[in-house]
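Sequence and predicted structure are below.
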Amino acid sequence: MDLDPEDIFRDDEDDENEFYQGRDSTKELLVYLVDASPKMVSTSYPSEDGKDASLFQVAISCIVQALKTQIINRSYDEVAICFFNTREKKNLQDLNGVYVFNVAEREDLDRPTARLIKEFESIQEKFNAEIGSKYGILPGSHDNSLYNAFWVAQALLRKGSAKTANKRILLLTNEDDPFGSIKGVTKMDMMRTTLQRAKDAQDLGISIELLPLSRQDDEFNVSLFYAELLELEGDELTQFKALVGERLEDMKEQLRKRIFKKRKIRRIKFIIANGLSIEVNTYALIRPTNTGTITWLDSVTNLPIKSDRSFICTDTGALLQQPAQRFQSYKSEDVLFSVDELSEVKRVSSGNLRLLGFKPLSCLKDYHNLRPSTFIFPSDEEVIGSTCVFIALHRSMIQLNRFALAFCGSSSHPHLVALVAQNEMISGGGQVEPPGMHMIYLPYSDDIRHIEEVHADTNTMAPRATEDQTKKGSALIRRVDLKDFSVCQFSNPALQRHYAVLQALALQEDEMPEIKDETVPDEEGMARPGIVKVLEEFKLSVYGENYEDDDLTTSGKVTEASRKRKATADNATKEYAKHDWFELADSGKLKDLTVAELKYYLMANNLSVTGAKAALISRILTHMGK
């Protein structure tokens, strides 16, 4: 049983789960529709390894890579893989030319599994024998494989409600005119019925997206058929044609953009003034990526263990069937509270966003950015006219160079926030940054620590850098400054290795994927004469000529902190040698050690020692490659 299903007794120190509350509402159901026609199979394109690969193989490779990423980032999303223009058929509707690929013990539309990825990755080896390729739209034939594919995909997506899940069909094909071989009335009839089938799916809340696979010398003309199916007109059609013209090497990036759509965290009410309120959607732009939670498995069945708690009466020893009542002692009496009453007592705000006023942008400082911001965008789904009001507010804030000060209510983490308007940026015919507002969480006064407080003791002379040290330090910083730096340029090597180990175990791969640590210092670059010169000048300016080790001060004496660190490291190395850590890991006895003993391993291997016991064990196993 869940002891606190509504987070009533949740402490303020607990990790925020604001950005994970919408799991059910942002769940996605996705059907890959892959064209398996002879044109897809025969058209070749140079691959990364220098060998020619068919467009069909490229599509398979991209979907496999997407599934591997999806099983980590959005493992609760559900996918189905469907081929059309096939010789064999396999679908619940028994329609010709459509083959739904799946593995045992899995529904046709379900979460991606390791077995699905492994078998789908090697499908090319047995595709011709078991599935086969065949044109499903031919003159003199009543079969329409594209129509059948939409029908099958729509049936697969009947699972779940459009209000609680995003439903999409992603079509991969290199055929811009699927009815090119048909003439006259028959062609018009097939196009009409196929477009109507697609419209029926869209009316049910299913979006259809196209990923055209075309070579530079074979232009994909979207206007022949798919522009009407996707309802592309004007600027949308122009932007889509520009996207089609991109190189095929960017296909994986295009597929990634279509798979991982921007999904709203939640919809909130934005109260403007005098009873006027609009609806806005919130989006998380950048969030730290952490390893998945540890799942305890039964040692015999290897199934997840579900914990269950029961309450026993201390007087009778009987099992309590009713949940424990909550109370507060007051004047020798116990005052009972219901769950709803306690929830109301702890509720600071209703969860709305309330506008308080406006201030010049110059009042907003860099250090006011307490944590990653949230992007907000208007929504007319429930409150008609929200977009008009939002645009008027957005334009005024940009023209007057102001930001909006607002109160963002939350049941446990209320915040003052700054709403900073952002203009749309377009480059190369595509949108780089959308228009909207960034919601920046402002700090409380306790969150700002003043530097002067560190040197509050007037009896101690605070060390100050001399003019020469400041000059030498500035020269060093200019030398090692990274041009056009972005945190997105570097991957977390610990996370990369963690998921590489999981992938190798799940897919039973013989070799570990090679992980490149991009955070390792550039020794070759740091060894350039110019950098070596300014670095030596800086060290000489700060530490003097007697500098030998970074634990020495300018006076040449070992600091007390350095002595303690060295003693702690020596003790950790000594205690580390007392255990056979690989034997403990293989036998599952790491959990029998104390937290202090686990930290000996971490300190001896220069790993982080923070976190609970389960996190320490996970870090040790990851370091061992288990």
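Looks like it arrived, so ask away.

would you list every one of the strands in the stretch 401-550 of the chain?
Secondary structure of the stretch 401-550 of the chain by DSSP state E, counting those that start in this stretch: the strands cover 402-408, 415-422, 425-427, 430-433, 436-441.

what's next to the shortest one, contact-wise?
Outside of strand 425-427, the residues within contact range by Cβ atoms under 8 Å, 6 or more residues apart in numbering are 431-433. Heads up, the C-betas are built off the backbone N, CA and C, glycines and all.

tell me the average confidence for it?
Averaging pLDDT along strand 425-427 gives 79.

just the fourth one next, same as before
Strand 430-433 shows a mean pLDDT of 74 in the predicted model.

Name every sheet partner of it and say whether each one runs parallel or antiparallel.
Its sheet considered, strand 430-433 pairs with strand 425-427 (antiparallel) by DSSP bridges.

buried set for the strand it pairs with?
Within strand 425-427, no residue counts as buried by 16 or more other Cβ atoms under 10 Å.

per-domain residue ranges of the protein.
27-259, 272-285+347-447, 311-337, 560-624 (automatic domain parsing).

closest to Arg464 out of these?
For Arg464, the closest of those is domain 560-624, at 20.1 Å, according to Cβ to Cβ.

related to what we said a few turns ago, closest to Val98 out of the strands of the stretch 401-550 of the chain?
strand 430-433 (33.3 Å).

That closest one: how far from the chain's middle?
20 Å (Cα atoms, centre = their mean, to the nearest Å).

ok, back up a step: could the domains of the chain go into a markdown table alongside distance to Pro529?
A markdown table is the format used below for those (distance: least, Cβ to Cβ, whole Å):
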| stretch | distance to Pro529 |
| --- | --- |
| domain 27-259 | 37 |
| domain 272-285+347-447 | 35 |
| domain 311-337 | 71 |
| domain 560-624 | 30 |
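
so which of these comes closest to Pro304?
Per Cβ to Cβ, nearest to Pro304 of the domains of the chain: domain 27-259, 13.4 Å.

rewinding a little: out of the domains of the chain, deepest packed?
domain 27-259 (a mean of 17; mean count of other Cβ atoms under 10 Å).

can you give me the mean pLDDT across that domain?
83.

How far off centre is it?
So, by Cα atoms, centre = their mean, the centroid of domain 27-259 is 24 Å from its chain's centroid.

Now do the nearest residue to Leu584 once chain neighbours are set aside against Phe377, distance only.
Nearest in space to Leu584, with sequence neighbours left out and distances taken as Cβ to Cβ, 6 or more residues apart in numbering, is Leu590 at 5.1 Å. According to Cβ to Cβ, to the nearest Å, Leu590 and Phe377 sit 47 Å apart.

ok, now Phe311?
Distance, Phe311 to Phe377, using Cβ to Cβ: 46 Å.

Whatever helix or strand Tyr147 lives in packs against which elements?
Assessed by DSSP states H and E, Tyr147 sits inside helix 145-156. Where contact means 3 or more Cβ pairs under 8 Å, 6 or more residues apart in numbering; DSSP states H and E, helix 145-156 is packed against strand 27-35, strand 78-84, strand 98-101, helix 184-203, strand 206-212.

Swap in 6 Å and give it another go.
Counting contacts by 3 or more Cβ pairs under 6 Å, 6 or more residues apart in numbering; DSSP states H and E, helix 145-156 packs against strand 27-35, strand 78-84, strand 98-101, helix 184-203.

Just put the ones you listed in JSON lines and tack on distance to Ser445.
Listed next are the helices and strands packed on helix 145-156 as JSON lines, based on distance: least, Cβ to Cβ, whole Å:
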{"stretch": "strand 27-35", "distance to Ser445": "40"}
{"stretch": "strand 78-84", "distance to Ser445": "47"}
{"stretch": "strand 98-101", "distance to Ser445": "59"}
{"stretch": "helix 184-203", "distance to Ser445": "52"}
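
Between these, which one is closest to Ile286.
strand 27-35 (20.3 Å).

That closest one pairs with which strands?
Strand 27-35 is paired, per DSSP bridges, with strand 78-84 (parallel), strand 165-173 (parallel).

neighbouring contacts of that strand?
Residues from elsewhere that reach strand 27-35 (Cβ atoms under 6 Å, 6 or more residues apart in numbering): 59, 63, 77-83, 85, 149, 153, 156-157, 165-173.

quick one, what contacts the nearest residue to Ala604 once chain neighbours are set aside?
Spatially, and ignoring its direct neighbours in sequence, Ala604 is nearest to Tyr576 (3.9 Å; Cβ to Cβ, 6+ apart). Neighbour list for Tyr576: 600-601, 604 [criterion: Cβ under 6 Å, 6+ apart].

So which of those residues are in helices?
Judged by DSSP state H, helices contain the following of these: 600-601, 604.

show me where the stretch 401-550 of the chain has helices.
467-480, 493-506, 523-526, 529-543 (DSSP state H, counting those that start in this stretch).
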